[in-house]
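Q: The sequence and its predicted three-dimensional model are supplied below.
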Amino acid sequence: MRLAALIIPSTLLAAPLGAQASKTPEPTLYPGARVRVSTVDAPSVLRAGSVWALVGDSLRILFDGADSAVALPYQAIAQFDTSAGRRRHALMGAGIGGLLGTGTGIILGFASATTSREGISTFGRSRRRRRPRSTARCSEGSV
């Protein structure tokens, strides 16, 4: 009962951390942006590259492995994907993991505590008091 009283609130507090939606901004087209393009001539072939320049009615793209940029008219583009980039949240993930680990350790520590007769909580193995040993020794001649 006591363990359930500690685990249920901690679970409810940790749930909103994973439920936060990531909000990524809409990608904009600018020179240097990573793109994938398929043309009307070959719609099943996606070619990756980066935007070289934005010209009035066409788009100049430097495809991966090419030496020069290619001008593609907007009407010739069948599919166009832009990269939203990568956002690494390693430090935030480490912080959340550290907090959850610390919280779990505290909860399990309190759940495993035992209470003595005096009302003091002790952690770990409960020890019995040993009786003091007798200091008197028997010698061979005394009986």
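A: Here it is on my side, so go on. Numbering: from 1, shown residues only.
Q: contacts and neighbour counts: CA atoms only from here.
A: Fine.
Q: Residue 37: what's its closest spatial neighbour, skipping adjacent residues?
A: Spatial nearest neighbour of residue 37, excluding adjacent residues (Cα to Cα, 6 or more residues apart in numbering): residue 80 at 4.8 Å.
Q: In which helix or strand does that neighbour reside?
A: Assigned by DSSP states H and E, residue 80 falls within strand 77-82.
Q: Kindly report the same for residue 101.
A: helix 90-111.
Q: other SSEs contacting that helix?
A: helix 2-18 (3 or more Cα pairs under 8 Å, 6 or more residues apart in numbering; DSSP states H and E).
Q: Just list what the helix or strand following the helix it packs on packs against, helices and strands only.
A: Next helix or strand after helix 2-18 toward the C-terminus (DSSP H and E): strand 34-39. In terms of contacts (3+ Cα pairs under 8 Å, 6+ apart), strand 34-39 is packed against strand 47-55, strand 77-82.
Q: out of those strands, deepest packed?
A: Compared across the helices and strands packed on strand 34-39, strand 47-55 shows the largest average neighbour count, a mean of 18 (mean count of other Cα atoms under 10 Å).
Q: Pairing partners for it, with directions?
A: strand 34-39 (antiparallel), strand 58-63 (antiparallel) (DSSP bridges).
Q: before we move on, back to that, can you redo the helices and strands packed on strand 34-39 as TSV with distance to residue 61?
A: Listed next are those as TSV, based on distance: least, Cα to Cα, whole Å:
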stretch	distance to residue 61
strand 47-55	5
strand 77-82	12
